[in-house]
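Participant: everything below, folded, please.
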Amino acid sequence: MADHNKEKRPVGRLLALAGAALVAVVLLPTAGMALLPMPSLKLWVIGLLVLEFSLVFAALALAGVVLAVFAGRRRPGAVRGASVGARRVAAAVGAVNATMLVAALLPAVSAWGTARQHGVPLSLAGYLEGLSTAAPRGPDETIRYARVAGEDLMLDVWRPAATTGAGSLPVVVNVHGGAEDAPQSPFPRWDAWLADSGHVVFDVDYRFFQPYDWQSSPGDVKCALGWVARNAERYGADPKRITLMGQSAGGYLSLLAAYTTAAEVPPSCDAPEVELAGVISWFGPGDATAEIPHAFRLSETVRRQLAEEAWPLAPEDWAKASPSSYVRPGLPRTLLIQGGRDILQPAEHTRSFAARLAQAGVRYELVEIPYADHQFDLVWGGFGSQIARHAILDFQSGL
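Facilitator: Predicted coordinates:
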């Protein structure tokens, strides 16, 4: 009879406690990927994905909290509840999961507030639509737009999948970013989306940054612009409505190419000077003289790789290579898209650049997504990308 007076620990509670502990064990190193310094760019990208898919981890953390509560609660009518030791373990595991839940919800809640501010209807259904590195279709054409210094420079042409019948379409010339040489259209889903939103898109390749040569890369972008202006009508596009857009290094090149004259930065081929309707920079350095900071989340190895090894210039060239050196009235309308948690192009640097544009009377818009990191456009369905798509279409509608 004495055995019947003792509470037997149900198997279900043990399983719940084990499940809650497993969730905590999974979430702690996952959170570390997004919060701690990463020794390489590849590991940093994993942290970026954790941040962009934070709602998935929030759901997992919530499940861990529920399991911990179930494992640690008293059974009604029992002489004794769960053992003190087991309840303490359940409380500790539940606290870890609750902390992870709050941390995982912060990016989404902040993005939701930004979306409301800009009138953007966020889609939970589209949140898990994957990455932008693949598209449901490929480019309509791949063409060599120039041969410079023995190297073929290529571009991809993306046209709307369906005929719009709206006459000549506006143009987006897309300039990819990256920390190393790469071909055009690395994020083709953006190209396909822009095209199907009523644009003719030219995603261009360029010679990657040459050591101690700050003019070759923007010169190639200007060469591509000249080719596009000459050939736009062949593709049903309007050469007077060209927007230059780029991400990261491509955003920087877009600003530099858009803000300089042919005398200041010449094209790398025989190309006309193109008057742009607009320029869009995703987390691109507007001030090349501003150093990448020694931030906690940016390991010194990666910082040095990007700041000192990727593109060494002579000290006297940094100001000439900086878009901020050419800020003046009359520049093209500008859209700046920035992540609030960007470790490579800090948000305060972009805000300072925006203030210089305002002081010069340049028409600009700054859209900042809190907690978004550098290259958040990698995640197609993320709230940051959803906000950016709305901002781009709104910007383009004013051309």
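
Participant: roughly how far does the residue lying closest to A314 once chain neighbours are set aside sit from A263?
Facilitator: Of all residues not flanking A314 in the chain, Y212 sits nearest, at 5.9 Å (CB to CB, 6 or more residues apart in numbering). C-beta here means a position set from N, CA and C on the backbone, and glycine is covered the same way. Taking CB to CB, to the nearest Å as the measure, Y212 falls 21 Å from A263.

Participant: now S299
Facilitator: 41 Å.

Participant: comparing these two, which shows the higher neighbour count?
Facilitator: Taking neighbours as other CB atoms under 10 Å, S299 and A263 compare with S299 leading, 19 against 7.

Participant: once you drop chain neighbours, what's closest to that one?
Facilitator: Going by CB to CB, 6+ apart, S299 has P37 as its nearest residue, at 4.0 Å.

Participant: just checking, the one you found touches H294?
Facilitator: No - using CB atoms under 8 Å, P37 makes no contact with H294, being 10.6 Å away.

Participant: need the contact list for the residue nearest to A314.
Facilitator: Residues near Y212 by CB atoms under 8 Å, 6 or more residues apart in numbering: 312-314, 317.

Participant: just to revisit the earlier point, compare P37 and H294 (neighbour count), which wins?
Facilitator: P37 (18 against 9).

Participant: roughly how far does that one sit from I343?
Facilitator: Taken as CB to CB, the span from P37 to I343 is 9 Å.

Participant: can you check E275 too?
Facilitator: 35 Å.

Participant: return the set of buried residues in the helix ranked longest in the chain.
Facilitator: If you go by DSSP state H, the chain has its longest helix at helix 84-118. Neighbour-count burial for helix 84-118 flags 86-87, 89-90, 93-94, 96-101, 103-105, 107-111, 114-115 (criterion: 16 or more other CB atoms under 10 Å).

Participant: what's the weakest-modelled helix or strand in the chain?
Facilitator: helix 2-5 (a mean of 48; mean pLDDT, DSSP states H and E).

Participant: which is the next helix or strand following that helix?
Facilitator: helix 11-35 (DSSP states H and E).

Participant: angle of that following helix against helix 84-118?
Facilitator: Helix 11-35 runs at 50 degrees relative to helix 84-118, counting by axes from the mean of the first three to the mean of the last three CA atoms, to 10 degrees.

Participant: for helix 11-35, packing partners?
Facilitator: helix 41-52, helix 54-72, helix 84-118 (3 or more CB pairs under 8 Å, 6 or more residues apart in numbering; DSSP states H and E).

Participant: which among those is found nearest to A125?
Facilitator: Proximity to A125 (CB to CB) singles out helix 54-72 among the helices and strands packed on helix 11-35, at 12.2 Å.

Participant: which positions in that closest one come out as buried?
Facilitator: So helix 54-72, judged by 16+ other CB under 10 Å, has buried residues 54-55, 57-58, 60-62, 64-72.

Participant: got the domain ranges for the protein?
Facilitator: 2-118, 141-397 (automatic domain parsing).

Participant: highest mean neighbour count out of these?
Facilitator: Using mean count of other CB atoms under 10 Å, the stretch among these with the greatest mean number of neighbours is domain 141-397 (a mean of 19).

Participant: now do that domain, average pLDDT.
Facilitator: Averaged over domain 141-397, pLDDT sits at 93.

Participant: list just the nearest of the buried residues of helix 54-72 to H176.
Facilitator: S54 (25.9 Å).

Participant: hmm, the closest one is touching L105, no?
Facilitator: Yes - with contacts counted by CB under 8 Å, S54 reaches L105, the gap being 7.4 Å.

Participant: who touches both of these two?
Facilitator: By CB under 8 Å, 6+ apart, no residue touches both S54 and L105.

Participant: ok, and the closest non-adjacent residue to W44?
Facilitator: M38 (4.1 Å).

Participant: typed the wrong thing, it's A258
Facilitator: V279 (4.0 Å).

Participant: show me how far the helix or strand encompassing the one you found is from its chain's centre.
Facilitator: For V279, the host element (DSSP H and E) is strand 278-282. Averaging C-alpha positions (CA atoms, centre = their mean, to the nearest Å) puts strand 278-282 14 Å from its chain's average.

Participant: helices and strands around it, which ones?
Facilitator: strand 237-247, helix 249-259, strand 333-339, helix 383-397.

Participant: just put these in a markdown table and tack on distance to S197.
Facilitator: Output for the helices and strands packed on strand 278-282, formatted as a markdown table (distance: least, CB to CB, whole Å):
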| stretch | distance to S197 |
| --- | --- |
| strand 237-247 | 12 |
| helix 249-259 | 19 |
| strand 333-339 | 15 |
| helix 383-397 | 6 |
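
Participant: check contacts around A229.
Facilitator: 239, 242, 272, 274.

Participant: ok, the second one - contacts?
Facilitator: So the one you mean is I242. Residues in contact with I242 (CB under 8 Å, 6+ apart) are 170-173, 225, 228-229, 232, 274, 276-277.
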